[in-house]
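In: just the structure for this:
(one chain, ligands or ions: 2)
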Amino acid sequence: MFNILDYLFDYTPYIVVEAGQSEHRLIHHQMADTDLQVWALVRSYLPKLFLTADQPFKLTCGRIIIQDTNMEPNITPIAPDEAFRFACSSRVACFNECCRDLNQFLTPYDILRLKNRLAMTSSRFLKKYTTQHTGPETGFPVVALKPANAETLQCPFVTASGCSVYTDRPSSCRIYPLARAISRTRETGELTEHFALLKEAHCLGHEQEKSQSVREWIEKQGLLPYNEQNDRLLEIISIKNSLKAGPLDLAFVRMFHLALYDLDTFRRKIFKDGLLSDFAVETALLTRARQDDTLLLQIGYAWIKSELSAVS
Ligand code: SF4
Ligand code: SF4
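Out: Ligands and ions are numbered 1, 2, ... in the order given. Alright, predicted model coming up:
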């Protein structure tokens, strides 16, 4: 028997679905007004993804959601070495189309990369570019990119010549038109990746000649470090869901936000205020984390994981 932690996420709303052998339950998503349509859509896509009837699983996904239910995306599983036809460039007629109508959640590593790219502290980045809410079921704080325009929901980083933060763009922008899921065996903890190819009518990238395998796409889009970091977040979500359903107390929510999203404040609290003095961290790792945000985030995940076990 597998204990499967699956997820897909892309740049539209964030969804967590918990599903068993006979019942699927929508845990959390960001679209407040369209629960029924959203759930109906998710239910219709579950069998098309990576799932078999006898595997209980948790699925976190985003790109499945569309705002107009008449425009169903086509989602098909694809093997890591399978080739797909796709190319995106400023020459396609739909250039920048996907950077509007934004509803994009950011992972902790997305925030790390973007705030460094913009030479901002994490707290300033969060204030200026994001909106935040607490996931009603997971209880975790969720951070989303704040659109630059309330009507078009345009990304704050899109320009006429493309993405202004391209080399540090979020993982959801990188992976499109693919979605990635992971499963983990309970016995060994071994992770397996699964992928799906998404086809949406507005995206003309699928009509281009260029072809590549899924692995090639993941590597070319610079996703490997993102996947490594984002898988830690999914592990935390999985642990939370297995320990305690529903909201968390405010103190834990603040701790999560500090350690995973607001890294510069987290660093200051560690090195100036003695936060983590009771938490066992290798001295060498802690020393390097003074200058290295990725290592600091790694410590943040370890701390949250350890504190999470106390909330059950
Ligand atoms: S971050 Fe860049 S690629 Fe992603 S939605 Fe914004 S402009 Fe587009
Ligand atoms: S080809 Fe697809 S991914 Fe590229 S700009 Fe057009 S809609 Fe966006």
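In: make it CA atoms for all contacts and neighbour counts henceforth
Out: OK.
In: distance check, residue 164 against ligand 2.
Out: As judged by Cα to the nearest ligand atom, to the nearest Å, residue 164 and ligand 2 stand 14 Å apart.
In: tell me where the stretch 101-250 of the chain has strands.
Out: Ranges of strands in the stretch 101-250 of the chain, per DSSP state E, counting those that start in this stretch, are 105-106, 130-134, 141-145, 158-159, 162-163, 178-184, 191-199, 211-213.
In: quick one: closest of the ones you listed to residue 270.
Out: Of all these, it is strand 141-145 that lies closest to residue 270, at 21.0 Å by Cα to Cα.
In: returning to what we had before: deepest-packed of the strands of the stretch 101-250 of the chain, please.
Out: Comparing those by mean neighbour count (mean count of other Cα atoms under 10 Å), strand 105-106 ranks first with a mean of 24.
In: so what does that strand touch, helix or strand wise?
Out: The contact analysis (3 or more Cα pairs under 8 Å, 6 or more residues apart in numbering; DSSP states H and E) places strand 105-106 against strand 141-145.
In: next structured bit after the helix of greatest length in the chain?
Out: Ranked by residue count and defined by DSSP state H, the top helix of the chain is helix 224-243. Using DSSP states H and E, the helix or strand that follows helix 224-243 in sequence is helix 250-256.
In: can you list the strands of the stretch 101-250 of the chain in TSV and add mean pLDDT?
Out: Listed next are the strands of the stretch 101-250 of the chain as TSV, based on pLDDT from 0 to 100:
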stretch	mean pLDDT
strand 105-106	87
strand 130-134	86
strand 141-145	88
strand 158-159	95
strand 162-163	96
strand 178-184	76
strand 191-199	80
strand 211-213	98
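In: would you format those strands as TSV with distance to residue 291 included?
Out: Output for the strands of the stretch 101-250 of the chain, formatted as TSV (distance: least, Cα to Cα, whole Å):
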stretch	distance to residue 291
strand 105-106	23
strand 130-134	25
strand 141-145	24
strand 158-159	30
strand 162-163	28
strand 178-184	31
strand 191-199	30
strand 211-213	36
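In: so which bits of this structure are right by ligand 1?
Out: Selection of the chain residues close to ligand 1 by Cα under 6 Å from any ligand atom yields 99, 155, 157-158, 163, 165-166, 169-170, 173.
In: just the residues you listed now: which is nearest residue 308?
Out: Proximity of the residues of the chain next to ligand 1 to residue 308 (Cα to Cα) peaks at residue 170, which lies at 26.2 Å.
In: which segments of the chain make up each domain?
Out: Per the record, the chain has its domains at 4-240, 248-311, by automatic domain parsing.
In: least reliable of the ones you listed going by mean pLDDT?
Out: Averaging pLDDT over each of the domains of the chain singles out domain 4-240 as the lowest, with a mean of 74.
In: mind checking how far residue 275 is from residue 247?
Out: Look at residue 275 and residue 247: by Cα to Cα, to the nearest Å, they are 24 Å apart.
In: ignore the last one, residue 155
Out: 30 Å.
In: looking at these two, which is more packed in?
Out: Using other Cα atoms under 10 Å, the more surrounded residue of residue 155 and residue 247 is residue 155, with 22 against 14.
In: show me the residues around the more buried one that make contact.
Out: Neighbouring residues of residue 155 by Cα atoms under 8 Å, 6 or more residues apart in numbering: 99-102, 145-149.
In: from those residues, pick the one nearest residue 271.
Out: Lowest distance from residue 271 to the contacts of residue 155 (Cα to Cα) belongs to residue 145, with 29.1 Å.
In: tell me which of the strands of the stretch 101-250 of the chain sits nearest to residue 77.
Out: Closest to residue 77 of the strands of the stretch 101-250 of the chain, according to Cα to Cα: strand 191-199, at 4.0 Å.
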